[in-house]
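S.K.: Give me a 3D structure for the following:
(chains A and B)
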Amino acid sequence: KNEVEQSPQNLTAQEGEFITINCSYSVGISALHWLQQHPGGGIVSLFMLSSGKKKHGRLIATINIQEKHSSLHITASHPRDSAVYICAVKGGGADGLTFGKGTHLIIQP
Amino acid sequence: NAGVMQNPRHLVRRRGQEARLRCSPMKGHSHVYWYRQLPEEGLKFMVYLQKENIIDESGMPKERFSAEFPKEGPSILRIQQVVRGDSAAYFCASSPDRIYSHEQYFGPGTRLTVT
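M.R.: Numbering: from 1, shown residues only, chains lettered A, B, ... in the order given. Have a look, this model is predicted:
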């Protein structure tokens, strides 16, 4: 069974700051997802990756398979980036995704 | 290409009633996953289905909960005799097939409130 740990649990930053959210998992995976959830809202898939690095606008996701670790970076953060960011992995023999508890991000103007 | 659709978006039920949650996968997807997000908790896997077949229901509560994905129509998550503890957001995701089960696309969720 895969264990997924995210850090930090809560993060408050000023507009414009560079943000990093970390995710570690315990067993091998076939893919890792970064998801975004606004309060009371649905889930938006930001990235799915199995190796290397992906970039979309101000968001960058990296994964190190050997270290079993992934990071989500936000450059030039903006108040609209305020949301819960969730790491989820597919692997360890499970059919469904296993989720981290999420990182509550608040960007203050 | 429409994404994953769920309805209703919000559902209010009194204790003891039945709740039916629907999920229509993306076009071309034949595999559906249901997840539950309890208040102040993370998302948890419930069940994995393909058309007319339950593949993995290891995350489903043993009683009152059932799921189906018929040959025609949406996948249905059914909760009988709801209790307050069933209040949660229920999300479904779909994938093209089991080989690509790592590519899951999420629906907007159904928020169930039990009064």
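S.K.: hey, let's count contacts and neighbours off CA atoms from now on
M.R.: Noted.
S.K.: Might you report the residue contacts of the residue in chain A positioned nearest to chain B?
M.R.: Per Cα to the nearest Cα, residue A:42 is where chain A lies closest to chain B, at 4.3 Å. Residues counted as contacts of residue A:42 (Cα atoms under 8 Å, 6 or more residues apart in numbering or on different chains) are B:107-109.
S.K.: Give the other helices and strands that the lowest-mean-pLDDT helix or strand in chain B contacts.
M.R.: Across the helices and strands of chain B, the lowest-confidence element by mean pLDDT, DSSP states H and E is strand B:105-106, at a mean of 91. When contacts are defined as 3 or more Cα pairs under 8 Å, 6 or more residues apart in numbering or on different chains; DSSP states H and E, strand B:105-106 sits against strand A:43-49, strand B:88-95.
S.K.: cutoff 7 Å now
M.R.: strand B:88-95 (3 or more Cα pairs under 7 Å, 6 or more residues apart in numbering or on different chains; DSSP states H and E).
S.K.: and the angle from the strand it packs on to strand A:43-49?
M.R.: Computed by axes from the mean of the first three to the mean of the last three Cα atoms, to 10 degrees, the angle separating strand B:88-95 from strand A:43-49 equals 40 degrees.
S.K.: what is the mean pLDDT for strand B:88-95?
M.R.: For strand B:88-95, the mean pLDDT works out to 95.
S.K.: Also stretch A:7-15?
M.R.: Averaging pLDDT along stretch A:7-15 yields 97.
S.K.: pLDDT at residue 98, what is it?
M.R.: Since no chain was named, I'll use chain A. For residue A:98, pLDDT reads 93.
S.K.: Let me rephrase: I mean chain B.
M.R.: In this prediction residue B:98 is given a pLDDT of 73.
S.K.: List the residues that contact the closest residue to it other than its chain neighbours.
M.R.: The shortest distance from residue B:98 to any non-neighbouring residue, by Cα to Cα, 6 or more residues apart in numbering or on different chains, is to residue B:31 (7.2 Å). Residue B:31 sits next to B:49-51, B:94-97 when contact means Cα atoms under 7 Å, 6 or more residues apart in numbering or on different chains.
S.K.: Ranking by neighbours, what's the top pick from those?
M.R.: Neighbour counts for the contacts of residue B:31, by other Cα atoms under 10 Å in any protein chain shown, peak at residue B:94, which reaches 30 neighbours.
S.K.: OK, contacts around the nearest residue to that residue once chain neighbours are set aside?
M.R.: Among residues not flanking residue B:94 along the chain, residue B:32 sits closest, at 4.4 Å (Cα to Cα, 6+ apart). Residues in contact with residue B:32 (Cα under 7 Å, 6+ apart) are B:25, B:48-50, B:92-95.
S.K.: Output the below-cut-off pLDDT ranges for chain B.
M.R.: Counting by pLDDT under 70, chain B contains low-confidence residues at B:1, B:100.
S.K.: So which bits of it are right by chain A?
M.R.: Contact residues (Cα under 7 Å from any Cα of the partner chain) of chain B with chain A: B:33, B:41-45, B:48, B:102, B:106, B:108-109.
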